[in-house]
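Chemist: Just the structure for this:
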Amino acid sequence: MLRISLLAAGLVLSFSSTAFAQAQPAPAVPQLAAATADEPVPRAARAEARRDCYAENIALSGDDLRRAMRDCLQERFPGVKLYASDGLTRDGKPTAVTARAACKQEADASGLKGAERTASLVACFNGKRPDLAQRAECRKEARGKGLDGDELRAALSSCARNRGEG
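Modeler: Below you'll find the predicted structure:
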């Protein structure tokens, strides 16, 4: 009997603390004066906002969490395009999905099959998104050297910078 009452008390306290945490008013959102539609939000500010938004929506998961995070971040940085839309990235390039779909349509229209189709798709995608093709090449080289984790990330960052200058 004592165990049941302790269990019930624990459940009541856990639900009341969850409701209390969700009922807290949102802290005042500092607006960044430097953030405009042309100038992206600094990485540190985005990371801090992401942490805050996640803390506000900790009880959510899956699509609900994604939707809440998107709304929260867009609310914190109004007027700044934070996400890809209409098949374009924030900087106006076609998204990888859009570029691949366009390349597939071109390959289908030309009637290519097998290795020719694959080569055509790769060449088309590399033409539409050379930045992603470059990153894939850097990743391939780094994986070939046996790098993984933080070493892989550092190598990718270094490789992208070196190729970007050349």
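
Chemist: Is R76 in contact with R51, as I believe?
Modeler: No: under the criterion of Cβ atoms under 8 Å, R76 is not in contact with R51, lying 11.5 Å apart. Backbone N, C-alpha and C define where each C-beta goes, glycine included.

Chemist: Give me the more crowded residue out of those two.
Modeler: Using other Cβ atoms under 10 Å, the more surrounded residue of R76 and R51 is R76, with 22 against 10.

Chemist: Just give the nearest non-adjacent residue to the more buried one, would you?
Modeler: Residue nearest to R76 in three dimensions, not counting chain neighbours: A49, with 4.8 Å by Cβ to Cβ, 6 or more residues apart in numbering.

Chemist: what does R135 give?
Modeler: A160 (6.1 Å).

Chemist: Check which residues of the strand or helix carrying the one you found are buried.
Modeler: Using DSSP states H and E, A160 falls within helix 149-165. Going by neighbour count (16 or more other Cβ atoms under 10 Å), the buried part of helix 149-165 is L152, A155, L156, C159.

Chemist: and of the residues you listed, the nearest to R90?
Modeler: L156 (20.3 Å; Cβ to Cβ).

Chemist: Looks like the closest one contacts R143 (just checking).
Modeler: No: L156 lies out of contact with R143 (Cβ under 8 Å); the separation is 10.1 Å.

Chemist: any shared contact partners between the two?
Modeler: Counting by Cβ atoms under 8 Å, 6 or more residues apart in numbering, no residue touches both L156 and R143.

Chemist: What count of nearby residues applies to D91?
Modeler: Counted with other Cβ under 10 Å, D91 comes out at 9.

Chemist: what about it, distance to N57?
Modeler: 27 Å (Cβ to Cβ, to the nearest Å).

Chemist: follow-up on the earlier one: nearest to A136 among the buried residues of helix 149-165?
Modeler: Once Cβ to Cβ is applied, the member of those that ends up nearest A136 is L156, at 10.0 Å.

Chemist: show me the contacts for that closest one.
Modeler: R135, C138, R139, A142.

Chemist: now A133
Modeler: F125, N126.

Chemist: Please report the distance of it from G144.
Modeler: 17 Å.

Chemist: Repeat that for D64.
Modeler: 40 Å.

Chemist: How about V80?
Modeler: The spacing between V80 and G144, counted by Cβ to Cβ, is 38 Å.
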